[in-house]
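1. Give me a 3D structure for the following:
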Amino acid sequence: MDLAFIPSPSRGVVELGPIPLRGYAFCIIIGVFVAVWLGNKRWIDRGGRSGTVADIAVWAVPFGLVGGRLYHVITDYQLYFSDGRDWVDAFKIWEGGLGIWGAIALGAVGAWIGCRRRGIPLPAWADALAPGIALAQAIGRWGNWFNQELYGKATDVPWALKITSAEDGRVPGTYHPTFLYESLWCIGVAVLVIWADRRFKLGHGRAFALYVAAYCAGRGWIEYMRVDDAHHVLGLRLNVWTAIVVFLLAVAYFVVSAKKHPGREEIVEPADPADPAEAEAGGAGSPKLTKSEDKTSEAGASTADATKADASKVDAKAVASDKEAGSAKKS
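-> Presented below is the predicted three-dimensional model:
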């Protein structure tokens, strides 16, 4: 009796009208749009301007894709540079193979460049985007389903994944759907970050650190279930060690940041020169005064006017005295 609850797709291609699109690439694209959409809503709620998240994502996403691919190729170099392999396959990103660690690391570099160009702090932007990244990962993991890859050990549980293609040497059968486990875990991480951010007003990069720590906690045990080829260090898969190290770094950052910068920072974006209204408001070159500064200026102006009036009175009295003195001499 076939107990597989999740069938594998007959082909890894999504037909968008006349355009064939690899399912793996389709999941990544949808994930990016969801991350930017949610990140934009959270950025606006924090006091930012609409469109800023997308502008910075233009830098972060390409860097992230390159970083994710580099991490995968470096850690699984035997798939591309060993005997009988074609190194050109290293550039075929649509066939699968992105390492989240490299994507986050190099994506952060791209985001840093974008944030500097917009004059906003990277930690604040990362906090706004954190749950969106988790949802993007949840969607992106379904790309592994399209490619029939990165599944777990053989099993006969009712929710097992039926694999029909066994290019890696394993026989077709039913396996643990580790892609599904990680997808559900990432959804839970997104919910956790949103709840904690609302409850505790996380700022200065702590919402992002919580996302990283929570993701690593799940990635560790899910990675342990996988049976695909991987490098091992002291009996553990390389990605398990990476998850442990990154988890500890994220927790350390969270604790130190909470002590040094409690609360949430205020987001103040510089005027956008592309916006005529903002450009006109800031075009005079004079800073906008607060109410107290306005009152001080008005008081200063009143004092100056009073001083001028007093000076005029003194001058008038002096002229009158001179005239009286002249009349006295004549008489």
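
2. Can you show me the strands along the stretch 151-300 of the chain?
-> For the stretch 151-300 of the chain, the strands defined by DSSP state E, counting those that start in this stretch occupy 161-163, 173-175, 232-233, 236-237.

3. closest one to residue 102 among those?
-> Distance to residue 102, taken as CB to CB, is lowest for strand 236-237 among those, at 16.0 Å. (C-beta placed from N, C-alpha, C; glycine too.)

4. For residue 86, give me its contacts.
-> Counting by CB atoms under 8 Å, 6 or more residues apart in numbering, residue 86 touches residue 80.

5. where's it relative to residue 229, distance?
-> Look at residue 86 and residue 229: by CB to CB, to the nearest Å, they are 18 Å apart.

6. got it, and residue 27?
-> 23 Å.

7. go on, residue 191?
-> For residue 191 relative to residue 229 (CB to CB), the value is 33 Å.

8. do residue 108 as well
-> 28 Å.

9. do residue 131 as well
-> Separation of residue 131 from residue 229 (CB to CB) stands at 32 Å.

10. Give me the more crowded residue out of these two.
-> residue 131 (28 against 11; other CB atoms under 10 Å).

11. Packing partners of the helix or strand that contains that one?
-> Using DSSP states H and E, residue 131 falls within helix 122-140. On a contact count with 3 or more CB pairs under 8 Å, 6 or more residues apart in numbering; DSSP states H and E, helix 122-140 meets helix 23-45, helix 52-75, helix 100-118, helix 178-200, helix 206-225.

12. which of the ones you listed is buried the deepest?
-> helix 206-225 (a mean of 22; mean count of other CB atoms under 10 Å).

13. tilt between that helix and helix 100-118?
-> Interaxial angle of helix 206-225 relative to helix 100-118 (axes from the mean of the first three to the mean of the last three CA atoms, to 10 degrees): 160 degrees.

14. Summarise which helices and strands helix 206-225 is packed against.
-> Helix 206-225 sits against helix 100-118, helix 122-140, helix 178-200, strand 236-237, helix 238-260, with contacts defined as 3+ CB pairs under 8 Å, 6+ apart.

15. Counting by contacts, list what the fourth one packs against.
-> Here strand 236-237 is seen to pack against helix 206-225 when contacts are counted using 3+ CB pairs under 8 Å, 6+ apart.

16. Can you give the distance of the helix it packs on from its chain's centre?
-> Distance, stretch centre to chain centre, for helix 206-225: 16 Å (CA atoms, centre = their mean, to the nearest Å).

17. Report the rounded mean pLDDT for it.
-> When pLDDT is averaged along helix 206-225, the result is 95.

18. show me where pLDDT drops low in this structure?
-> Along the chain, the model assigns pLDDT under 70 to residues 1-4, 10-11, 14, 166-170, 272-331.

19. could you check the distance from the residue lying closest to residue 240 once chain neighbours are set aside over to residue 111?
-> Excluding its sequence neighbours, the residue lying closest to residue 240 (CB to CB, 6 or more residues apart in numbering) is residue 223, at 5.0 Å. Distance of residue 223 to residue 111, computed by CB to CB: 25 Å.

20. Using the record's domain definitions, break the protein down for me.
-> Using automatic domain parsing, the domain parsing of the chain gives 13-260, 289-330.

21. Could you export the helices and strands packed on helix 122-140 to CSV, including columns for distance to residue 240?
-> What follows is these, written out as CSV (distance: least, CB to CB, whole Å):
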stretch, distance to residue 240
helix 23-45, 24
helix 52-75, 12
helix 100-118, 12
helix 178-200, 13
helix 206-225, 5
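
22. need the contact list for residue 236.
-> Contacts for residue 236 (CB under 8 Å, 6+ apart) come out as residue 224.

23. can you pull up the bridge partners for it?
-> Under DSSP bridges, the beta-bridge partners of residue 236 are residue 233.

24. Can you name the residues in contact with stretch 24-41?
-> Stretch 24-41 is contacted from outside by 12, 14, 50-54, 57, 61, 65, 93-96, 98, 128-129, 131-133, 135-144, 146-147, using CB under 8 Å, 6+ apart.

25. Any quick ChimeraX command for the buried ones out of those?
-> The ChimeraX command for the buried members of these (criterion: 16 or more other CB atoms under 10 Å) is given here:
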select :12,14,52,53,57,61,65,93,94,96,98,128,129,131,132,133,135,136,137,138,139,140,141,142,143,144,146,147
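
26. could you point out which element follows the helix holding residue 131?
-> Using DSSP H and E, the helix or strand that follows helix 122-140 in sequence is helix 142-147.

27. All set, thanks.
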